[in-house]
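Asker: got a predicted model here, sequence first, then my questions.
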Amino acid sequence: MSGHSKFANIKHKKEKNDAAKGKIFTIIGREIAVAVKEGGPDPANNFKLAQVITKAKANNMPNDTIERGIKKAAGDVGNVNYKYVTYEGYGPGGIAIIVDALTDNQNRTAANIRNAFTKGQGSIGTPGCVSFMFDKKGQIIIDKEDCSMEADDLMMVALDAGAEDFAEEEDSFEIMTAPDSFDEVNKALEEAGIAMASAEVTMIPQNYVELTDETAIKNLQKTLDMLDDDDDVQAVYHNWDE
């Protein structure tokens, strides 16, 4: 993904997140509850929980809030009714969109997501209709302003821990990993004292699509905004070249 940094978008999203931090913490709290229910409260033995904790820290969730969430979930396992669901479809201009949701009411979530696609002149597709256009990868973004380590040294820390790729952009470093190696690489960077602007297992488009039609851009933005405002939506992936 070298040469196509999403750092500016990540910073923009973080600014939006900071304005709605309560919502973000609620969403991550749900993920913690599901991860604990599925694999127990110990992140050392629960890879999914370890990933959620990494995401929580990247969103500046305090450690005591994370620990309280884990303890609460461990004592309330029988009442966790959330389920992960994924929707795939197309926005205007053939933009591929994947939506990950965590819901306790699939009918409500499906209706809301379908409405978001329809309002933006897009359409929901069948499972697998666009996911083949993406690669599942661990992605770690580091702001150069927050990193005192030399690029070559940072690259060696990442590669020695199992990273697949290292790219230097104008204002950031980007580290890519296989999903199974993400936790080890993240842990190595934490131990080296490296602050991360973003750290998550995500879906990376194999190719990006540019939109030039203003109406298509407005409609796509409408869909993305509606999805972003939906409390059930955990993540949205697309191949729009913004």
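Answerer: That came through, no problem. Note that this is a predicted model, so its numbers are computed, not measured.

Asker: tell me which other helices or strands the helix ranked longest in the chain touches.
Answerer: In terms of residue count, the longest helix belonging to the chain (DSSP state H) is helix 21-39. Judged by 3 or more C-beta pairs under 8 Å, 6 or more residues apart in numbering; DSSP states H and E, helix 21-39 is in contact with helix 47-58, helix 63-74, strand 96-103. Quick note: C-beta positions are derived from backbone N, CA and C, even for glycine.

Asker: format the ones you listed as a markdown table; extra columns: mean neighbour count.
Answerer: Listed next are these as a markdown table, based on neighbours: other C-beta atoms under 10 Å:
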| stretch | mean neighbour count |
| --- | --- |
| helix 47-58 | 21 |
| helix 63-74 | 16 |
| strand 96-103 | 22 |
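
Asker: which of these has the lowest average pLDDT?
Answerer: For the helices and strands packed on helix 21-39, mean pLDDT drops lowest on helix 47-58, to a mean of 87.

Asker: break this structure down into its domains, please.
Answerer: Taking automatic domain parsing as the reference, the chain has its domains at 7-79, 83-132+207-238, 133-205.

Asker: measure the longest one end to end?
Answerer: Using C-alpha to C-alpha, to the nearest Å, the span of domain 83-132+207-238 from its first residue to its last is 22 Å.

Asker: which other residues reach stretch 193-203?
Answerer: Contacting residues not belonging to stretch 193-203 are listed as 7, 10-11, 14, 51, 54-55, 57-58, 98, 131, 134-143, 146-147, 149, 154, 157, 172, 179, 182, 186, 189, 235, 237 [C-beta atoms under 8 Å, 6 or more residues apart in numbering].

Asker: would you format the helices and strands packed on helix 21-39 as TSV with distance to T118 included?
Answerer: Compiled in TSV, the helices and strands packed on helix 21-39 are given as follows (distance: least, C-beta to C-beta, whole Å):
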stretch	distance to T118
helix 47-58	30
helix 63-74	35
strand 96-103	13
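
Asker: and the one helix or strand A111 maps to, what's buried?
Answerer: For A111, the host element (DSSP states H and E) is helix 106-119. Buried residues in helix 106-119, defined by neighbour count with 16 or more other C-beta atoms under 10 Å: T109, A110, N112, I113, A116, F117.

Asker: just send those residues back as CSV, with pLDDT too.
Answerer: Shown next, in CSV, are the buried residues of helix 106-119 (pLDDT from 0 to 100):
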residue, pLDDT
T109, 96
A110, 97
N112, 97
I113, 97
A116, 97
F117, 97
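
Asker: what backbone torsions are found at V85?
Answerer: The phi/psi pair for V85 (degrees, to the nearest 10) reads phi -140, psi 150.

Asker: return the residues in contact with it.
Answerer: D100, A101, L102, T103, Q106, T109, A110 are the contacts of V85 under C-beta under 8 Å, 6+ apart.

Asker: surely the fifth one touches Y82?
Answerer: The reference is to Q106. No: contact status for Q106 versus Y82: not in contact, 10.5 Å apart, counting by C-beta atoms under 8 Å.

Asker: what mean pLDDT does the strand ranked longest in the chain have?
Answerer: Across the chain, the longest stretch assigned as strand under DSSP state E is strand 134-143. Averaging pLDDT along strand 134-143 yields 94.

Asker: following the chain onward from that strand, which element is next?
Answerer: As assigned by DSSP H and E, the chain's next helix or strand after strand 134-143 is helix 151-160.

Asker: angle of that following helix against strand 134-143?
Answerer: Using axes from the mean of the first three to the mean of the last three C-alpha atoms, to 10 degrees, the inter-axis angle of helix 151-160 relative to strand 134-143 is 140 degrees.

Asker: give the buried residues for stretch 191-201.
Answerer: By neighbour count with 16+ other C-beta under 10 Å, stretch 191-201 contains the buried residues I194, M196, A197, S198, A199, E200, V201.

Asker: that'll do, ta.
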